[in-house]
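K.L.:
Have a look; sequence and predicted model below, questions after that.
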Amino acid sequence: MHQTAPRQSRIPEQQGIGQTLPPIPVGIDTLNTPPLPPGAMPVGTRLQVGKYLVLVHNFIAEGGFAHVYLARIEGKSGYVVLKRVAVPDQERLKMVEKEIEFMRRLGDHKNIVRYYESRIDVLPTGGFEALILMEYCPGGGVIDLMNRRLQQRLTEPEILKIFSDVTEALAYMHYCNPPVLHRDLKVENILILNQDHYKLCDFGSAALSKGQYIPANLKDVQKLEDDIQRHTTLQYRAPEMIDVYQKKPVNEKADIWAMGVLLYKLCYYTTPFEEEGQLAILNAKYTMPTAPVFSDGLCRLIMSMLQEDQKRRPTVYQVMTSVCQLRGLECPIRDIYAEPYISPPTTTNYYESPNLFEKVPMPQSDLPNITPMRRGRPTKASETYDPFDPAHVGSKSPSLQSNKSSSLQSNKSPSLQSNKSPSVQSQEPTPPTMHSFQNSFDSTNEETEEKVKMNRNVSLNIEARFTALKNAGKSKKPLPPPKPARFRANPVPVEDFEHKFPSLEELDKHLPSVVNQ
C-alpha cells in the first residue's frame, strides 16, 4: 500500500463526520443521479481509506481523471466526499502526491476544504489509483448558486462575503513560508458549507512561490510556459503568465490578478476578457459594465487587482483590508508586508515538492479501473492562433470563441446582452471538485507600438522570440541559475505533525529545511 503512516483521526466530531446532516444531502438528488460511467464503483461499495472503512453512498460527478462520490464512514454519522483519481504514470503520481500534501498542510483553515485521509494503490493493469477522503460541503458550489440566481443576481453583501472568505483562505496560503500559490482561483473552485460559510478547494495546481525568480535561459522559460498551460485557466491568467518571454516573475501577484477576475465574475457573471482574448489580458484592457450597479469601492477594488504592472497590484493583506472596510468589519489578518504593493523578497532557491510518501510495496487494487480522461485545463496553446502575430491583433482567439455554450463561464449576462443564452456552465471542462457541481488601463500609443514590434519578432518561433527580446533590450543578460535545492526526507512521524503543531506556523518550524545540493 502506498500511503501515509497510520495516525489518529483528523476528523473532529463537530466537523462533517460527527455532524448530524439531513437524511438526503442538500444538492444531491438521489432519484436523478447521473448514470454510472465505465469503471465507477457501485453504490454500497466498501473500501478502506487509511484507518477509515468507507461506504460509497452515491456517485456525484466525473471530470478530468477523477470520479467523485458521496460516502459515509462506518460507525460515524454525516457524509464525506471520496475522490477517486486514475493516475496513469509516475509523473502524474507525483502531482497527486503534491496535491494531497498541500491539502494536508492547508486543510485546517476554516475557509479551506478539510482533508481527512488518502490511499494510493497500484492498478493490476498498470498505473496507480488514488483515493482521497475530504470534507463534504452540502451547499454545493458557488457556480451552482449563480446558476440558480440568473434572474435575481447575487447582491453586493453576498458577493463581499463570498470574496472575503476566499481572500482569507488565500491569505493563509500566501502567509506560509515559503508562500503557497493556488494558481487556479476561480468561481468553480468555491464551495458552500452553509449560507454564510464558503470554502476554497482544488489544490491540484498549487505550488510554492519562487518570489522574484525569473527564468535565466530558454529551457527554463519553456518549462515555465508549459507548466502554466497545464495548471492554470486561460481567462484567469495574469499578463505575466500570458507572455512569459517578457521575463517577469510569476508569484503571489498572479493570484491577486485571478482574484480580480473572480470578483468581476461574481459581480457581472462573466470574465473581463471573455470576448477580447489574450491581447486584452496582456494590456489589461477591459470595461466595467454599467449594470448591475455596485458601489464605487467594490469597482475600485476590482480595478486595483487587474493592473498590468504586477508591482501596482495590492497584496492579499491590502485586498482583505479593502473588503473588510466595505463590509464595515475589522481585518482578521495581520500585515506581514513591510511596504505596500511590493512583491515578496527575491529568492535564490528553486523549490521542489518534498518526497512526501515513503516508497513501500503497494498492494494491487481490485476495484474497477477508471478510464483516464482529459483534465479540464488546456495542455497547450492553440496551434492555429498566435496572439502575438500582427495579423491576429484585434481578432478573437478561436479557442475563446469556440464552444460558446450558454454559460456563466463563457457568456455575457443575459441582462447585458439579450442574444446570449442564460445558462451557466464552464467554457472549459471544470476540474473535479466535490460537487456536481474599467475601467480600461490603456497603454499609450507608443507603448502599444512597441509591444506590436516585439510581438512581431517573437511570433516566428520560440528560439527567435527569445533572441529578439534580448536584442531589443527587453531583458537583461541572463544570469547563471542558482543552485537547485531540495527537501530532505521528512524524519518526523505524521502523527507528530498533527498533534504537536496545532498551527501552520508551528508546523513550518519543524518542516524539513531546504539545503543546497
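P.N.:
Nice, I can see it.
K.L.:
switch to C-alpha atoms for all contacts and neighbour counts from now on
P.N.:
Will do.
K.L.:
Can you read off the pLDDT for residue 5?
P.N.:
Per-residue pLDDT puts residue 5 at 40.
K.L.:
cool, and the one 3 residues further on?
P.N.:
Residue 8 carries a pLDDT score of 39 in this model.
K.L.:
And for the one 10 residues further on?
P.N.:
We note a pLDDT of 37 for residue 18 in this prediction.
K.L.:
For residue 154, list the residues it contacts.
P.N.:
Residue 154 makes contact with 146, 266, 267, according to Cα atoms under 8 Å, 6 or more residues apart in numbering.
K.L.:
ok, how many other residues are close to residue 293?
P.N.:
For residue 293, the neighbour count with other Cα atoms under 10 Å is 12.
K.L.:
correct me, but residue 315 touches residue 256?
P.N.:
Yes - contact criterion Cα atoms under 8 Å: residue 315 and residue 256 qualify, at 7.3 Å.
K.L.:
For the contacts of residue 154, give me a markdown table that also has pLDDT and secondary structure.
P.N.:
Below are the contacts of residue 154 laid out as a markdown table (pLDDT from 0 to 100; DSSP: H, G, I helix; E, B strand; the rest coil):
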| residue | pLDDT | secondary structure |
| --- | --- | --- |
| 146 | 97 | helix |
| 266 | 98 | helix |
| 267 | 98 | helix |
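K.L.:
Top of these by number of neighbours, please.
P.N.:
residue 266 (26 neighbours).
K.L.:
tell me the contacts of that one?
P.N.:
By Cα under 8 Å, 6+ apart, the residues touching residue 266 are 154, 159, 187.
K.L.:
of all these, which comes closest to residue 82?
P.N.:
residue 187 (21.6 Å; Cα to Cα).
K.L.:
What about that closest one, how many residues nearby?
P.N.:
26.
K.L.:
Residue 90 now?
P.N.:
Each residue near residue 90 was counted by other Cα under 10 Å, and the total is 11.
K.L.:
distance of the closest residue to it other than its chain neighbours from residue 52?
P.N.:
Using Cα to Cα, 6 or more residues apart in numbering and skipping residues adjacent in sequence, the residue nearest residue 90 is residue 127, 7.8 Å away. Per Cα to Cα, to the nearest Å, residue 127 is found 24 Å from residue 52.
K.L.:
again, but for residue 322
P.N.:
Relative to residue 52, and taking Cα to Cα, residue 322 is found at 43 Å.
K.L.:
what does residue 150 give?
P.N.:
According to Cα to Cα, residue 150 and residue 52 sit 41 Å apart.
K.L.:
same question, residue 334
P.N.:
Distance from residue 334 to residue 52, by Cα to Cα: 38 Å.
K.L.:
Which of those two has more residues huddled nearby?
P.N.:
Counted by other Cα under 10 Å, residue 334 and residue 52 do not tie: residue 52 has more neighbours, with 17 against 11.
K.L.:
got the contact list for the nearest residue to the more buried one once chain neighbours are set aside?
P.N.:
Of all residues not flanking residue 52 in the chain, residue 73 sits nearest, at 6.5 Å (Cα to Cα, 6+ apart). By Cα under 8 Å, 6+ apart, residue 73 lies in contact with 17, 52, 53, 54, 55, 79, 80.
K.L.:
Scan these and report the most crowded one.
P.N.:
Of the contacts of residue 73, with other Cα under 10 Å as the count, residue 79 tops at 27 neighbours.
K.L.:
Would you confirm that residue 132 contacts residue 117?
P.N.:
Yes - proximity of residue 132 to residue 117 meets the contact threshold set by Cα under 8 Å, at 6.1 Å.
K.L.:
can you list residues touching both of the two?
P.N.:
Counting by Cα under 8 Å, 6+ apart, the common neighbours of residue 132 and residue 117 are residue 49.
K.L.:
Angles on the backbone of residue 100, please.
P.N.:
As for residue 100, its main-chain torsions (degrees, to the nearest 10) stand at phi -60, psi -40.
K.L.:
cool, residue 234 as well?
P.N.:
Given degrees, to the nearest 10, the pair of backbone angles that residue 234 has is phi -50, psi -50.
K.L.:
any idea how far it is from residue 185?
P.N.:
Counting by Cα to Cα - residue 234 and residue 185 are separated by 11 Å.
K.L.:
quick one, which of the two is more surrounded?
P.N.:
More crowded of residue 234 and residue 185, by other Cα under 10 Å: residue 185, with 30 against 23.
K.L.:
pLDDT value on that one, please?
P.N.:
Reading off the model, residue 185 has pLDDT 98.
K.L.:
Now for it: which residues touch it?
P.N.:
So residue 185 contacts 236, 255, 258, 259, 262 (Cα under 8 Å, 6+ apart).
K.L.:
residues contacting the residue nearest to the last one when sequence neighbours are not counted?
P.N.:
In space, not counting the residues next to it along the chain, residue 262 is nearest to residue 186; the distance is 5.5 Å by Cα to Cα, 6+ apart. Residue 186 makes contact with 236, 258, 259, 261, 262 under the criterion Cα under 8 Å, 6+ apart.
K.L.:
could those be laid out in TSV, adding distance to residue 48?
P.N.:
Listed next are the contacts of residue 186 as TSV, based on distance: Cα to Cα, whole Å:
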residue	distance to residue 48
236	38
258	38
259	38
261	40
262	38
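K.L.:
buried subset of the residues you listed?
P.N.:
With burial judged by 16 or more other Cα atoms under 10 Å, the buried subset of the contacts of residue 186 is 236, 258, 259, 261, 262.
K.L.:
want to throw these into CSV with pLDDT, secondary structure and distance to residue 141?
P.N.:
Below are the buried ones among the contacts of residue 186 laid out as CSV (pLDDT from 0 to 100; DSSP: H, G, I helix; E, B strand; the rest coil; distance: Cα to Cα, whole Å):
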residue, pLDDT, secondary structure, distance to residue 141
236, 97, helix, 18
258, 98, helix, 18
259, 98, helix, 17
261, 98, helix, 18
262, 98, helix, 14
